[in-house]
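# Have a look at this prediction, sequence included:
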Amino acid sequence: MHTSSIRKVGWNGLQLDVPSSWEVIVSDKKHLLFERDLEPVLELKWQNLPPKKQDKQIQRIQQGLQNEFGDQSSINNKGKWKKLFNTFNVTPCSWKEHSNVFILLLDCPACNTVLLCRFLSFSKQSEQEIVSAIQSIVCHHEEEKELWSVLDFSIQLPTKLKLKTYSVAAGFTRISFEEKGQDIHICRLAPASHRLQSESMENILTTLVSREKYKATIINEDNYVESFTDPSIFSQIMRRLKREKPFQYGRLWHIEESNRLLGLSVESIRPIPSELVKEIYSSYEIL
Amino acid sequence: MKSSKQPEKKKQLSKTEALLCTPFHNEIADWQILDSGEVLVEYPLPIKPLFKSILQRFSQKPIPTPTKKLHLDEMGSLVWNMVDGEKNAKQIIKDFATHYSITLQEAELSVTTFLLELGKRGLIGME
């Protein structure tokens, strides 16, 4: 029997356990695609809605699906799906004319998240894995930190941070978050050996935090580089007038065993607490 | 009266189908491996017949076809060498990911973009 290890995936408020052989592809801020061996297996899209709008939105999604795939066929064994889930209200949808389209609509009454799970692989093994993955979905929690884990990295960030932008390019991933007056960027460069052949870590950090503008203190150690600004009151006022964030912190470190460079950059209108950056970078790791 | 016949839409390949296609070098591309291990590709630049005829009027001798040189970096050269008419795109992506120890998603992104660019220049074909 095929057995595979499990990894925890976390992205923008959603967490689930998937087989390690699955690749996680971030398609949008609230849209993930899972692939095995470059073949799609499962697609997840979700939205958080006010309770009043939840039913309407589900109807709207169903209408949209009907427009795309035609009339739905009835599901004979609805219980098969419904009894699997304690957290969510489940609406299974399938289509006669499209035997390869099967979708589960889940809505969570606790946090008003509406989730669309589309099965993209229909072998018995895949179906079992998909069901287990969906069963493990967590869309709300009370913890102060939230897991972000896609590609080959994982990081714990304060729940109050909001995802601003992200980009997944070949060898370079960058995710930006914002909180009142503070921007936090995390990045990952691969393969490190290739990057370090042509540039020093200090240069890479300069590019990442666009530090040329400000005088920064640089700490250059064997496997990490750090930079931070300590602007005077006058300089702070001038930068604020230019709508710039005067306090900057940057750190780039080399994980030799996995051949990756990890980076953290924080810009803020207030002094950056060292505990915050330490907490963030110590939880940032390659899986 | 307008013809009721609509031009047939080209069937778009799914991602899975596209990755099963096998790239091959086109004959127009002349290439060599440099001492550094990098690949230098030389290919003819297509000139519109109108421009060619204008140029011909001003010249006594036959006009040689202009060529362009493309110097591939280490990564590009690796992919170019992997294009052997036997390996499909999926296999190339996997080999590339293993070689540079990056994720399949990253490898897919860079290899497909590169192959697309080579295809646009007519340097490779897909079968």
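The structure has been received and is ready for your questions.
# what residues are up against residue A:176?
A:163-166, A:183-185 (CB atoms under 8 Å, 6 or more residues apart in numbering or on different chains). Just so you know, the C-beta spots here come from the backbone N, C-alpha and C atoms, and that holds for glycine as well.
# Which one of those residues is nearest to residue B:127?
residue A:166 (35.8 Å; CB to CB).
# Determine the number of other residues adjacent to that closest one.
18 (other CB atoms under 10 Å in any protein chain shown).
# and it, that one's in a strand?
Yes. Counting by DSSP: H, G, I helix; E, B strand; the rest coil, residue A:166 falls inside a strand.
# bridging residues for it?
residue A:175 (DSSP bridges).
# How much space separates it from residue A:173?
Residue A:166 sits 8 Å away from residue A:173 when distances are taken as CB to CB, to the nearest Å.
# what stretches of the chain score poorly on pLDDT?
In the absence of a named chain, chain A is used. Along chain A, segments meeting pLDDT under 70 span A:1-4, A:70-84, A:95-99, A:210-220.
# um, chain B though
The model of chain B has pLDDT under 70 over residues B:1-11.
# please redo it, this time with the cut-off set to 80
Along chain B, segments meeting pLDDT under 80 span B:1-13, B:46-66.
# in it, which spans are strands?
B:23-25, B:30-33, B:39-44, B:67-71, B:124-126 (DSSP state E).
# Could you do the stretch 1-150 of chain A as well?
Here the stretch 1-150 of chain A has its strands, by DSSP state E, counting those that start in this stretch, at A:6-11, A:14-19, A:22-28, A:31-36, A:39-48, A:72-73, A:89-95, A:102-108, A:113-119, A:145-148.
# what's the closest of those to residue B:20?
Closest to residue B:20 of the strands of the stretch 1-150 of chain A, according to CB to CB: strand A:39-48, at 10.4 Å.
# contacts for the closest one?
Here strand A:39-48 makes contact (CB under 8 Å, 6+ apart) with A:13-14, A:16, A:22, A:28, A:30-35, A:57, A:111-121, A:126, A:129-130, A:133-134, A:139, B:15-16.
# how about the residues of chain B near chain A?
Applying CB under 8 Å from any CB of the partner chain, one finds that chain B approaches chain A through B:15-16, B:19, B:74, B:90, B:93-94, B:100-110, B:113.
# Pick out the residue of chain A closest to chain B.
In chain A, the residue that lies nearest chain B is residue A:170 (3.4 Å; CB to the nearest CB).
# Please give me every residue in contact with that residue.
Counting by CB under 8 Å, 6+ apart, residue A:170 has contacts B:102, B:106-107, B:109-110, B:113.
# about what we covered before: TSV please, covering the strands of chain B and showing mean neighbour count.
Output for the strands of chain B, formatted as TSV (neighbours: other CB atoms under 10 Å in any protein chain shown):
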stretch	mean neighbour count
strand B:23-25	19
strand B:30-33	13
strand B:39-44	17
strand B:67-71	12
strand B:124-126	17
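# export the ones you listed to a markdown table and tack on distance to residue A:144?
Below are those laid out as a markdown table (distance: least, CB to CB, whole Å):
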| stretch | distance to residue A:144 |
| --- | --- |
| strand B:23-25 | 50 |
| strand B:30-33 | 56 |
| strand B:39-44 | 52 |
| strand B:67-71 | 52 |
| strand B:124-126 | 51 |
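# how many other residues sit next to residue B:84?
Neighbours of residue B:84 (other CB under 10 Å): 12.
# Quick check: bridge partners of the residue nearest to it when sequence neighbours are not counted?
Leaving aside its sequence neighbours, residue B:84 sits nearest to residue B:24 (CB to CB, 6 or more residues apart in numbering or on different chains; 7.8 Å). Beta bridges link residue B:24 to residue B:125 when assigned by DSSP bridges.
# measure residue B:24 to residue B:76 for me?
From residue B:24 to residue B:76 the distance is 17 Å (CB to CB).
# Also residue A:23?
Separation of residue A:23 from residue B:76 (CB to CB) stands at 23 Å.
# Repeat that for residue A:30.
From residue A:30 to residue B:76 the distance is 35 Å (CB to CB).
# The residue nearest to residue B:108 when sequence neighbours are not counted: what's it in contact with?
Setting aside the residues directly before and after it, residue B:108 is nearest to residue B:93 in space (CB to CB, 6+ apart), at 5.0 Å. If you count contacts by CB under 8 Å, 6+ apart, residue B:93 has them with A:38, B:19, B:104, B:107-108, B:111-112.
# same deal with residue A:249?
By CB under 8 Å, 6+ apart, the contact set of residue A:249 is A:226-229, A:264-266, A:272, A:277.
# Repeat the analysis, applying 10 Å as the threshold.
Counting by CB atoms under 10 Å, 6 or more residues apart in numbering or on different chains, residue A:249 touches A:184, A:209, A:216, A:226-229, A:264-268, A:271-274, A:276-277, A:281.
# who's in contact with residue B:104?
Counted by CB under 10 Å, 6+ apart, residue B:104 has contacts A:23, A:25, A:35-38, A:151, B:90, B:93-94, B:96-98.
# Buried only: go through those for me.
A:23, A:25, A:35-36, A:38, A:151, B:90, B:93-94, B:96-97 (16 or more other CB atoms under 10 Å in any protein chain shown).
# Could you check which residue of chain B lies nearest chain A?
residue B:110 (3.4 Å).
# Would you quantify the distance from that residue to residue B:125?
20 Å.
# which parts of chain A sit against chain B?
A:23-26, A:33, A:35-40, A:120, A:150-153, A:168-173, A:188, A:190-194, A:197, A:258-260 (CB under 10 Å from any CB of the partner chain).
# run the last query once more with 6 Å
A:23, A:25, A:38-39, A:151-152, A:170, A:190-191, A:259 (CB under 6 Å from any CB of the partner chain).
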